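Trainee: give me a model of this one.
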Amino acid sequence: MLFTDLKLIEPILKALQTEGYTSPTPIQQQAIPYILQRRDLLGCAQTGTGKTAAFAIPTLQLLFNDKLQHREQKSIKALVLTPTRELAIQIGDSFTAYGRNTGLKNLVIFGGVSQNPQVDALRRGVDILVATPGRLLDLMNQGYVHINQIKMLILDEADRMLDMGFVNDVKKIIAKVPAKRQTLFFSATMPKEIQSLADSILNNPERVEVAPVSSTADTIQQAVYFVEKSNKKNLLIHILKDKDIKTLLVFTRTKHGADKVVKDLHKAGITAEAIHGNKSQNARQRALTNFKNRSTRVLIATDIAARGIDIDELTHVVNYELPNIPETYVHRIGRTGRAGASGIAMSFCDGEEEIEYLKDIYKLIGKNVPVEEGHPYPLSIELMNARMTGKAVSIAVKGKAPAGEGRGGRNGGGGNRGRNSRSGNKRANGESRQGGGAGNRKAGSKTGGGSGMSGRR
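Mentor: You can find the predicted model right below:
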């Protein structure tokens with residue numbers, strides 16, 4: 001299927017052609033026709049499937065057609081709510097790119113920066129407002145934003161808004177928009193609370209869903225490195241001696257872990273920055289910009305902060321700490337190997353609690369990841385294989401007794417610590433489930449994910 005088969009207007013088709021996009025992704029094929037029929041929509045889709053374009057393109061078309069048919073007063077016609085500044089900026093960029101020939105104006109507002117430029121832009125008039133809930137409520141309470149003329153309400157990353165504690169703010173905002181409207185609701189997962197929210201605001205919606213990502217792209221070369229926790233920093237520094245690695249995205253499970261990796265790399269003379277929830281929005285955006293323009297070589301990210309990160313031509317990803325949710329592994333490594341390009345994903349496994357995480361990953365993706373033995377800080381492969389299969393073993397590692405021996409549960413066959421950690425943190429992490437994929441260049445990014453398209457647009 002081509003975008004020309006979706007009954008899109010010429011100004012939008014021309015913009016898509018300028019961006020180099022010809023083929024819609026599955027979520028776009030399903031969603032765009034329903035939205036153009038002015039139906040409410042419930043979309044279950046991960047970052048990287050092209051969902052931003054799935055709602056941005058038809059929203060622009062509907063508003064453009066309304067503008068041609070009616071002389072309407074200056075007011076906000078569409079409101080997009082999204083949880084973070086980074087996602088808001090990316091969505092705004094998408095509306096700008098696809099709507100360049102429509103004359104429609106969009107504005108992105110978020111907290112952590114001065115409100116004055118945002119207020120000035122609101123006064124000049126906008127058709128589409130992309131906002132984070134906190135700043136929007138603030139400006140509404142000050143009387144700068146009026147959403148009583150909204151025709152389209154779009155909630156993106158609803159599950160993450162739940163994780164970040166924004167649901168009450170979202171409900172307050174929804175209470176202020178007209179009851180007669182078109183509502184589009186997107187979430188990577190559908191926990192009970194999110195389904196309940198969707199049921200309360202949608203009117204006889206169509207449901208579209210892309211298959212949950214549980215496989216990794218063939219274009220991604222994967223490897224697991226068994227290494228002692230204390231040697232992970234040394235292994236990372238060793239890997240970065242490869243000058244062909246121009247930029248490297250590194251994932252940790254915790255904010256503290258991300259900051260520690262930055263310090264270790266700085267001591268080794270390697271430029272690095274961290275991006276996580278404790279950083280200010282300005283700091284996160286600056287770190288992301290520095291990484292994209294390659295003034296920072298290494299970006300260390302937690303899973304929550306990383307949702308929505310989309311970087312062209314990213315070739316290398318490192319799981320410094322394995323995720324305790326297997327789907328997150330697919331999401332992480334899907335940042336590379338997009339649009340048919342090759343990518344390399346390296347995972348460090350400490351051989352103790354992370355063994356359980358690795359087992360869960362193998363179960364999800366349906367295969368084992370090749371083990372990289374030729375690095376300077378290896379653990380015993382025999383010991384690791386024994387732990388993976390749950391067999392008792394007594395093999396010395398670098399002259400030491402096997403880690404976990406005599407502790408019960410942490411050695412082969414136990415694994416309780418790892419599984420408890422996973423269950424206890426599953427919802428706290430709240431990360432999206434997205435994988436990379438090969439395919440043609442498709443709307444939403446020049447890089448692709450899922451079926452060949454990423455979530456930047």
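Trainee: low-confidence regions, the stretch 51-200 of the chain specifically.
Mentor: Low-confidence segments of the stretch 51-200 of the chain (pLDDT under 70): 71-73.
Trainee: need the helices for it, in chain order.
Mentor: When assigned using DSSP state H, counting those that start in this stretch, the helices of the stretch 51-200 of the chain occupy the ranges 51-69, 85-98, 116-124, 133-141, 158-163, 167-174, 192-201.
Trainee: and Leu107, which of those helices is closest to it?
Mentor: Judged by C-beta to C-beta, the one of the helices of the stretch 51-200 of the chain that comes nearest to Leu107 is helix 116-124, at 5.0 Å. For the C-beta atoms, the positions are set from N, CA and C on the backbone; glycine is no exception.
Trainee: show me what that closest one is packed up against.
Mentor: The contact analysis (3 or more C-beta pairs under 8 Å, 6 or more residues apart in numbering; DSSP states H and E) places helix 116-124 against strand 106-109, helix 133-141.
Trainee: what's the most buried one of the ones you listed?
Mentor: Stretch with highest mean neighbour count among the helices and strands packed on helix 116-124: strand 106-109 (a mean of 23; mean count of other C-beta atoms under 10 Å).
Trainee: residues contacting that one, please?
Mentor: Where contact means C-beta atoms under 8 Å, 6 or more residues apart in numbering, the residues beyond strand 106-109 that reach it are 88-89, 91-92, 95-96, 99, 115, 118, 121-122, 126-132, 135-136, 139, 145.
Trainee: bridged to Asn106, which residues?
Mentor: Counting by DSSP bridges, Asn106 is bridged to Ile128.
Trainee: make JSON lines out of the helices of the stretch 51-200 of the chain and add distance to Phe251.
Mentor: Below are these laid out as JSON lines (distance: least, C-beta to C-beta, whole Å):
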{"stretch": "helix 51-69", "distance to Phe251": "22"}
{"stretch": "helix 85-98", "distance to Phe251": "16"}
{"stretch": "helix 116-124", "distance to Phe251": "32"}
{"stretch": "helix 133-141", "distance to Phe251": "26"}
{"stretch": "helix 158-163", "distance to Phe251": "17"}
{"stretch": "helix 167-174", "distance to Phe251": "26"}
{"stretch": "helix 192-201", "distance to Phe251": "25"}
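Trainee: got the residue ranges for the helices in the stretch 201-350 of the chain?
Mentor: With DSSP H, counting those that start in this stretch as the criterion, the stretch 201-350 of the chain has helices at 232-239, 255-267, 281-292, 303-306, 326-333.
Trainee: packed most tightly, which of the ones you listed would that be?
Mentor: For the helices of the stretch 201-350 of the chain, average neighbour numbers computed from mean count of other C-beta under 10 Å are highest in helix 326-333, which has a mean of 26.
Trainee: show me what that helix is packed up against.
Mentor: If contacts are counted by 3+ C-beta pairs under 8 Å, 6+ apart, helix 326-333 sits against helix 303-306, strand 316-319, strand 343-349, helix 353-365.
Trainee: list the buried residues in the longest one.
Mentor: Put plainly, it is helix 353-365. For helix 353-365, burial by neighbour count (16 or more other C-beta atoms under 10 Å) applies to Glu353, Glu354, Ile355, Glu356, Tyr357, Leu358, Lys359, Asp360, Ile361, Tyr362, Leu364, Ile365.
Trainee: how close does Pro178 get to His146?
Mentor: Plainly put, Pro178 is 11 Å away from His146 if you go by C-beta to C-beta, to the nearest Å.
Trainee: quick one, what contacts Ile311?
Mentor: Counting by C-beta under 8 Å, 6+ apart, Ile311 makes contact with Thr247, Leu249, Phe291, Lys292, Arg335, Thr447.
Trainee: contact partners of stretch 244-256?
Mentor: 236, 239-240, 258, 261, 274, 276-278, 291, 294, 297-303, 306, 309, 311, 314-321, 323-324, 332, 335-336, 429.
Trainee: and the residues you listed, which are buried?
Mentor: Neighbour-count burial (16+ other C-beta under 10 Å) applied to the contacts of stretch 244-256 gives 236, 239-240, 258, 261, 274, 276, 291, 297-303, 306, 309, 311, 314-321, 323-324, 332, 335-336, 429.
Trainee: domain parsing for this structure?
Mentor: 3-209, 220-429 (automatic domain parsing).
Trainee: ends of the shortest one, what's the gap?
Mentor: When you say that, I think you mean domain 3-209. End-to-end distance of domain 3-209: 19 Å, with C-alpha to C-alpha, to the nearest Å as the criterion.
Trainee: closest one of the buried residues of helix 353-365 to Ala45?
Mentor: Nearest to Ala45 among those, counting by C-beta to C-beta, is Leu364 at 18.4 Å.
Trainee: show me what contacts that closest one?
Mentor: Going by C-beta under 8 Å, 6+ apart, Leu364 touches Ser214, Pro326, Glu327, Tyr329, Val330.
Trainee: how close does it get to Ser187?
Mentor: Using C-beta to C-beta, Leu364 is found at 20 Å from Ser187.
Trainee: Phe64 now?
Mentor: When distance is defined by C-beta to C-beta, Phe64 is 27 Å away from Ser187.
Trainee: now do the contacts for the residue lying closest to Lys229 once chain neighbours are set aside.
Mentor: Sequence neighbours aside, Asp350 is the residue nearest to Lys229 in space, at 4.3 Å (criterion: C-beta to C-beta, 6 or more residues apart in numbering). Neighbour list for Asp350: Phe226, Val227, Glu228, Lys229, Lys232 [criterion: C-beta under 8 Å, 6+ apart].
Trainee: report how many residues lie close to the closest residue to the last one other than its chain neighbours.
Mentor: Looking back up the chat, that one is Lys232. Nearest residue to Lys232, sequence neighbours excluded (C-beta to C-beta, 6+ apart): Phe348, at 5.1 Å. Neighbouring residues of Phe348 were enumerated by other C-beta atoms under 10 Å; the total is 26.
Trainee: just Phe110 next, same as before
Mentor: Counted with other C-beta under 10 Å, the neighbours of Phe110 add up to 24.
Trainee: wait, Ala131 sits on Ala78?
Mentor: No. Using C-beta atoms under 8 Å as the test, Ala131 is too far from Ala78 to be in contact (11.1 Å).
Trainee: how close does Lys279 get to Lys51?
Mentor: Counting by C-beta to C-beta, the gap from Lys279 to Lys51 is 26 Å.
Trainee: just want to know which of those two has more residues nearby.
Mentor: Neighbour count, other C-beta under 10 Å: between Lys279 and Lys51, Lys51 has more, with 30 against 19.
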